[in-house]
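1. here's my sequence, what's the structure:
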Amino acid sequence: MSRSLRLPDSLARRAGEFTAAALAILHRWHRHHQEEEAPAAAPAPAPQNDLGALLSPSQVRTYLDCPFKWWAKYGLGLPDPPNGSFVRGRVVHRLAEMYYRARLAGQAPDVDALPFEETWDLAAAQAAFGAGEDVDLLKRQAAALTRMYLDQIAAEVQPAAVETPVAGAIAGVAVRGIIDVLDVHGRIIDLKTAARTPAGVAADYAFQVATYRQLEPRASGTVQLATLVATKTPKIVTQTYTVQPADLRLTETLYPLVREGIRNGLYLPNRGSNLCSRKHCNFATACEAEFGGCVKGQAEE
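-> Residues are numbered from 1 along each chain as shown. The predicted model follows:
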């Protein structure tokens, strides 16, 4: 890959910058936890860029999992086509959105009349299916999971808003997001697709809904999350979660720290991440070219 994919400054100079910036972030974190009467610390250095001016829960998740992945996606704008599992989930989400919008408009939608084939074809056209992915199986799973969700979960929901954009400031950081469904009781109604049964509510999801709780006045802080599990016998796992004060505090701590890391150019790879593999990351080749080493998985010829 061309060396035009290099980070804005040379890695040699970045080594020094990384040390200084990391110390600055640790200092700010320590100051955040000091008592109010403690003496004010010296101001942090001016940021090198304005990246991170507008963040979202998904950007924070990406950056914390692998800073270089964030840089490749949002800084360099490298292509990041979805894989088959993502397409399956996108199709289910899109059809559920159509169903909820019809309900919101006072209609009684016919599940069999929803445009499944067209929705699948559109999503699949934008994907990069892996060599080991069974596209026909993924399509059948998407159809089965959609039907299960609409029949068993969505039919009981009274939607008040669908695909609602939210925006605001958390700890001085501009943040935005989209709430899939908000019901008449102020609950966030959400769905996810997965290959395995969830063990509980993931930390990054708690962070996401804590963000929405602060940005949407109608949100009560209670969430109904339906995970559609694409096992041999598909099933739905429904969980209820209530945003806690500790969740809110985490958003107030992490958004400023992530923004500072981004602005100071801390874009190191996280080769220890469970998602650091060619199966899960479209930026493996760029990462190897920039930093060396080998990302798990075999490079395509």
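
2. pLDDT score for the nearest residue to Arg218 once chain neighbours are set aside?
-> The shortest distance from Arg218 to any non-neighbouring residue, by Cβ to Cβ, 6 or more residues apart in numbering, is to Gly186 (5.4 Å). All C-beta atoms are positioned from the backbone trio N, CA, C, and that covers glycine. We note a pLDDT of 98 for Gly186 in this prediction.

3. share the number of residues neighbouring Gly186, please.
-> 15 (other Cβ atoms under 10 Å).

4. the one 3 residues further on too?
-> Counted with other Cβ under 10 Å, the neighbours of Ile189 add up to 24.

5. what lines up beside the helix or strand that contains it in the sheet?
-> Applying DSSP states H and E as the criterion places Ile189 in strand 188-194. Taking DSSP bridges as the criterion, strand 188-194 sits next to strand 173-183 (antiparallel), strand 222-229 (parallel) in its sheet.

6. who touches the longest one?
-> Under the contact criterion Cβ atoms under 8 Å, 6 or more residues apart in numbering, strand 173-183 has outside partners 53-57, 93, 96-97, 100, 157-169, 188-191, 208, 211-212, 215-216, 218-219, 255-256, 259.

7. one more: the last one?
-> Taking contacts as Cβ under 8 Å, 6+ apart, the residues outside strand 222-229 that touch it are 92, 145, 148-149, 153, 185-198, 201, 205, 209, 234-243.

8. now the strand holding Ile189: how far from the chain's centre is it?
-> 13 Å (Cα atoms, centre = their mean, to the nearest Å).

9. how about it as CSV, C-alpha atoms only?
-> Below are the C-alpha coordinates for strand 188-194, written out as CSV (Å, rounded to 0.1, in the frame of the first residue of the first chain):
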residue,chain,number,x,y,z
ILE,A,188,-35.8,3.1,24.4
ILE,A,189,-36.7,0.1,22.2
ASP,A,190,-33.7,-1.4,20.6
LEU,A,191,-32.7,-4.6,18.8
LYS,A,192,-29.4,-6.2,17.9
THR,A,193,-28.5,-9.4,16.0
ALA,A,194,-25.8,-11.7,17.2
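
10. now the angle from the helix or strand containing Tyr212 to strand 188-194?
-> For Tyr212, the element it lies in under DSSP H and E is helix 203-215. Angle between the axes of helix 203-215 and strand 188-194 is 160 degrees (criterion: axes from the mean of the first three to the mean of the last three Cα atoms, to 10 degrees).

11. which strands or helices does helix 203-215 pack on?
-> Other helices and strands packing on helix 203-215, by 3 or more Cβ pairs under 8 Å, 6 or more residues apart in numbering; DSSP states H and E, are helix 57-65, strand 159-170, strand 173-183, strand 188-194, strand 235-242, helix 245-263.

12. got the angle between the second one and helix 203-215?
-> It stands for strand 159-170. Using the same axes, to 10 degrees, strand 159-170 lies at 90 degrees relative to helix 203-215.

13. strand 159-170 packs against which elements?
-> Partner elements for strand 159-170 (3+ Cβ pairs under 8 Å, 6+ apart): helix 84-104, strand 173-183, helix 203-215, helix 245-263.

14. and the second one, what's buried?
-> Neighbour-count burial for strand 173-183, counted by 16 or more other Cβ atoms under 10 Å, picks out 173, 175, 177, 179-183.
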